[in-house]
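> Sequence and predicted model, in that order:
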Amino acid sequence: MRLSRYFMPVLRETPAEAQIVSHRYMLRAGMIKQAAAGIYSWLPLGYRVLRNIERIVHEEQQRAGHIPMLMPTLQSADLWKESGRYDAYGPEMLRIKDRQDRDMLYGPTNEEMITDIFRSHVGSYKDLPMTLYHIQWKFRDEMRPRFGVMRGREFLMKDGYNFDLTKEDALHAYNRHLVSYLRSYERMGLQAIPMRADSGPIGGDDTHEFLVLADTGESEVFYDSDITELKFGDRTIDYDSVEQCQAVLEEFTSRYARTDETHDAALFNEVPEARRRVARGIEVGQIFYFGTKYSAAMGATVVDETGAKVPVHMGSHGIGVSRLLGAIIEASHDDKGIIWPEGVTPFHCGIVNLRQGDTEADAACQSLYDALTALGLEPLYDDRDERAGAKFATMDLIGLPWRITVGPRGLKNGVVELTSRRTGDSEELPPAAAIAKIAAIYGAIAA
Ligand code: 5CA
């Protein structure tokens, strides 16, 4: 993409309404624009990152054997009356009447709708296990929408639902989700710690939230610092293996890590004092096992091996896709701007032309651009007629992990400059070597 032809409305001034750094940088980098309280338009740069996060979530869910689909945002109230949640959900649910005076709602989550789909089409234990998921907009009329996309009213969520014959099978689905979430967050450059949590209006006994540690997080968390040493890394796992998934769950949940809702001071005191941490975190996902809560209420049954009709065991599993943009920026920035992890960056690298209009500099930039594009990479070429300082400031703000700087002086010696946004380190090297280095970095992280 050439910046001169792109739409990236960068703001010079820090918007007064933004209280936390991720919100400030998302506004300043022209990624989002508020449409109403807690409701945002995704401008082109923000949309690119949102799509990258979605892509990682899709890839990891499908790797775990979960099936993608899409349900609507608007739902009929009838199903919610059946489950009993229409009254229970309270003022967070946006209720709407259509022209026939029918009760509708903008879905805050989809347990009822998916249970209805399941009961309409599945009747035998032979069709199980099954996990369906979608990535769709949700609406919750939050009392205090704030911090930009972090606590929105309209927000993008991946929500998945497992259907199993037995509790053991459903717990395997729970563990599978835990593993796939660990992988997903790590690919986004994040450490998200599973913590024992409270199930709230979704219901159920077993639930973990995934928290990214950040001072601006809305949840207070208590944990054993040893847990931050754990990495899922590039190990391969057989998602069908109960033992392998169980082993990962045990590894990642055996140390003390709880949100304030489930915090137990006596248990926490058993952690050696030097390892006890009280901090804040951003909740980027939650997994639930709730058994037959919805299937029993709504008649989602299957015939088991003995011919008996039994309600299926279910769980639901959510990732805060749009919130993740905020969480990633909170975890990865400096005083100049965002520092995107390679896995989610909106463009793979920036090209800065220090002397726009200079025949050689223009040609060198264009050939770098063409070569990177031919390799399947997407550079952002700052081809504006601007001062170098302004171009650098924009690149630093929008946070592309790599920048290639091209100027007449370097070109005389056959070199360009390659700079890491994270470390600030620069090296001079021939254009072909800069391309090879960037290609190798992205080749290595490709799934
Ligand atoms: N049905 C279940 C799981 S699919 C569910 O709704 N879970 S949830 O309530 O925990 O939401 C899943 C994730 O969505 C949360 O972990 C959080 O990351 C994100 N989320 C929840 N509310 C908001 C909000 N107001 N703004 C942005 N993201 C949110």
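Done, it's in.
> For residue 123, give its distance to the ligand.
To the ligand, residue 123 is 24 Å away according to CB to the nearest ligand atom, to the nearest Å. C-beta: built from backbone N, CA, C; applies to glycine.
> Quick check, that residue in contact with residue 303.
Yes - between residue 123 and residue 303 there is a contact at 6.2 Å, judged by CB atoms under 8 Å.
> How about the host helix or strand of residue 26 and the ligand, any contact?
Applying DSSP states H and E as the criterion places residue 26 in helix 21-28. No - judged by CB under 6 Å from any ligand atom, helix 21-28 stays clear of the ligand, getting no closer than 12.3 Å.
> could you say what helices and strands the next helix or strand after that helix packs with?
Using DSSP H and E, the helix or strand that follows helix 21-28 in sequence is strand 32-36. For strand 32-36, the packing partners by 3 or more CB pairs under 8 Å, 6 or more residues apart in numbering; DSSP states H and E come out as strand 39-42.
> just the strands in the stretch 251-400 of the chain please.
Assigned by DSSP state E, counting those that start in this stretch, the strands in the stretch 251-400 of the chain fall at 257-259, 276-291, 301-303, 309-311, 313-320, 333-334, 337-338, 349-353, 379-382.
> Residue of the stretch 201-350 of the chain nearest the ligand, please.
For the stretch 201-350 of the chain, the residue closest to the ligand is residue 320, as judged by CB to the nearest ligand atom, at 2.2 Å.
> distance of residue 121 from the ligand?
Taken as CB to the nearest ligand atom, the span from residue 121 to the ligand is 20 Å.
> residues near that residue, how many?
Neighbour count of residue 121, defined by other CB atoms under 10 Å: 8.
> now swap in residue 254 and tell me
Burial measure for residue 254: 11 neighbouring residues, criterion other CB under 10 Å.
> who touches it in this structure?
Not one residue lies near residue 254 by CB atoms under 8 Å, 6 or more residues apart in numbering.
> per-residue pLDDT, it?
Confidence at residue 254, expressed as pLDDT, is 94.
> ok, residue 308 to residue 284 distance?
Going from residue 308 to residue 284 by CB to CB, to the nearest Å gives 40 Å.
> swap that for residue 134, sorry
For residue 134 relative to residue 284 (CB to CB), the value is 18 Å.
> Of these two, which one has the most company?
residue 284 (25 against 19).
> Look up how far residue 325 lies from the more buried one.
For residue 284, the distance to residue 325 (CB to CB) stands at 10 Å.
> what's the answer for residue 418, then?
According to CB to CB, residue 418 and residue 325 sit 26 Å apart.
> between those two, which one's more packed in?
Neighbour tally, residue 418 and residue 325, criterion other CB under 10 Å: the higher count belongs to residue 325, 27 against 21.
> Contacts only, for that one.
Each residue near residue 325 by CB under 8 Å, 6+ apart is listed here: 22, 26, 31, 46, 49-50, 53, 149.
> out of those residues, who's nearest the ligand?
Nearest to the ligand among these: residue 149, at 6.6 Å, using CB to the nearest ligand atom.
> Then residue 212 would be within a strand, right?
Yes - judged by DSSP: H, G, I helix; E, B strand; the rest coil, residue 212 forms part of a strand.
> Kindly state the pLDDT recorded for it?
98.
> Could you give the bridge partners of it?
On the basis of DSSP bridges, residue 212 is bridged to residue 192, residue 282.
> For the chain, give me the ranges with low pLDDT.
For the chain, the stretches flagged by pLDDT under 70 are 446-447.
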